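Enquirer: what follows is a predicted protein model with its sequence.
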Amino acid sequence: MERTFVMVKPDGVQRGLVGEIIGRFERKGLQIVALKMMRITPELAARHYAEHREKPFFKGLVEYITSGPVVAMILEGKDCVGVVREMMGATDPRKAAPGTIRGSFGMDIGRNVIHGSDSRESAAREIALFFTESEICEYSLNLASWIYE
Ligand code: DAT
Ligand code: MG
């Protein structure tokens, strides 16, 4: 099983989309193994988005992601990283496919509601950045045989 890091961004929290978004992942069959609400510091934002440090949108991105609480989680499932990226849709919500999370709920690239790791390597890095080992719950889903063959 694979794990990925997902975060409902401050706009998603303010707009009351937390339940809708988590519900979509639950109904898909992904397992929540860690979940918390938190405020991201500018330092954590800079580490999380280190790959974008030189981009013109970096300052605005850090302001946005630190502007209110986020809901951070670790999801687990078969091909979880790719499955979540597909469910999120394209980075620009106006270009994201209808029915995806960004395609359903967003308009601007700087208010795109959700973050999800883009690779297994990013997932491992971001999970370590946001969660301690003791915050991760190992448990088996009794439903597993109804989700996977
Ligand atoms: P994603 O969040 O789909 O992985 P990314 O890693 O390329 O996208 O960028 C991280 C975030 O930065 C993205 O969710 C929104 C913001 N962003 C990306 N490209 C942008 C741009 N051209 N203008 C403004 N914000 C941008
Ligand atoms: Mg990214």
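Expert: Received it, and whenever you're ready, just let me know what you need. Ligands and ions are numbered 1, 2, ... in the order given.

Enquirer: around ligand 1, which positions in the chain sit nearby?
Expert: With CB under 6 Å from any ligand atom as the criterion, the chain meets ligand 1 at residues 52, 57, 61, 91, 109, 110, 112, 115, 118. All C-beta spots, glycine's among them, are computed from the backbone N, C-alpha and C.

Enquirer: which two of these have the greatest separation?
Expert: Largest separation among these by CB to CB: 110 and 118, giving 18.0 Å.

Enquirer: distance between stretch 34-50 and the chain's centre?
Expert: Here stretch 34-50 is found 12 Å from its chain centre; the criterion is CA atoms, centre = their mean, to the nearest Å.

Enquirer: spatially nearest residue to residue 77, not counting backbone neighbours?
Expert: residue 30 (4.3 Å; CB to CB, 6 or more residues apart in numbering).

Enquirer: please report how far the one you found lies from residue 91.
Expert: With the distance defined as CB to CB, to the nearest Å, residue 30 ends up 21 Å from residue 91.

Enquirer: looking at those two, which one has more neighbours?
Expert: A count of neighbours by other CB atoms under 10 Å puts residue 30 above the other of residue 30 and residue 91, at 24 against 12.

Enquirer: am I right that the more buried one is in contact with residue 81?
Expert: No - using CB atoms under 8 Å, residue 30 is not in contact with residue 81, being 10.9 Å away.

Enquirer: before we move on, back to that, dump the residues of the chain next to ligand 1 into TSV; add pLDDT, secondary structure and distance to residue 3 as well.
Expert: Formatted as TSV, the residues of the chain next to ligand 1 follow (pLDDT from 0 to 100; DSSP: H, G, I helix; E, B strand; the rest coil; distance: CB to CB, whole Å):
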residue	pLDDT	secondary structure	distance to residue 3
52	97	helix	23
57	98	coil	28
61	98	helix	24
91	98	coil	22
109	98	helix	26
110	98	helix	28
112	98	coil	22
115	98	strand	15
118	98	coil	14
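
Enquirer: among those, name the buried ones.
Expert: The neighbour-count test (16 or more other CB atoms under 10 Å) marks 61, 109, 112, 115, 118 as buried among the residues of the chain next to ligand 1.

Enquirer: what segments of the protein are helices?
Expert: For the chain, the helices defined by DSSP state H occupy 10-14, 18-28, 42-48, 58-65, 80-88, 101-105, 120-130, 144-147.
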